[in-house]
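[1] could you work out the structure for the sequence below:
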Amino acid sequence: MSHLDRLRAVFRMALNLPADAGVDGLEYRAIPQWDSLAHMALIAAMEDEFSVLIDTDEMIDMSSFAKAAGLLEKHGIGAAAV
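    Predicted coordinates:
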């Protein structure tokens, strides 16, 4: 499973979305499920899944699936191509 597939799974789990939900185009607050509480759960789930520590500035900047993928690249995980 690629890091992007793993990231998609993290998004679906943290945001309580169906297993087949498309998440590649998701942006923060674009859906009711991605509110500030879910954002913190998503950050925690990403940290657990990828063994990274996401700092406050990164949390604030992570406003879309694409930015989350780029954040993982910054931490040395996979490529940012979405």
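
[2] go ahead and flag the most central residue of this structure.
    By C-alpha atoms, centre = their mean, the chain has its centre lying nearest to residue 68, at 4.7 Å.

[3] that one: what's it in contact with?
    7, 11, 42, 46, 62 (C-beta atoms under 8 Å, 6 or more residues apart in numbering). Glycine gets a C-beta too; all of them are placed from N, C-alpha and C.

[4] mind doing that once more with 6 Å?
    Residue 68 is in contact with residue 62, counting by C-beta atoms under 6 Å, 6 or more residues apart in numbering.

[5] helix/strand/coil for it?
    Here residue 68 is recorded as helix under DSSP: H, G, I helix; E, B strand; the rest coil.

[6] quick one: pLDDT of it?
    Note for residue 68: predicted pLDDT of 97.

[7] try the one 4 residues further on
    According to the per-residue confidence, residue 72 scores 96 in pLDDT.

[8] so where does it fall, helix or strand?
    Per DSSP states H and E, residue 72 falls inside helix 65-74.

[9] chain center to that helix: distance?
    From the chain centre to the centre of helix 65-74 is a distance of 8 Å (C-alpha atoms, centre = their mean, to the nearest Å).

[10] what ranges does this structure have for its helices?
    3-14, 36-50, 56-61, 65-74 (DSSP state H).

[11] run through who's touching the shortest one.
    Right, helix 56-61. Residues outside helix 56-61 that contact it (C-beta under 6 Å, 6+ apart): 43, 71.

[12] CA atoms only: put it into CSV for me.
    The C-alpha trace of helix 56-61 is given here as CSV (Å, rounded to 0.1, in the frame of the first residue of the first chain):
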residue,chain,number,x,y,z
THR,A,56,1.7,23.8,15.2
ASP,A,57,2.5,25.8,12.0
GLU,A,58,2.2,22.6,10.0
MET,A,59,-1.2,21.8,11.6
ILE,A,60,-2.5,25.3,10.7
ASP,A,61,-1.2,25.1,7.1
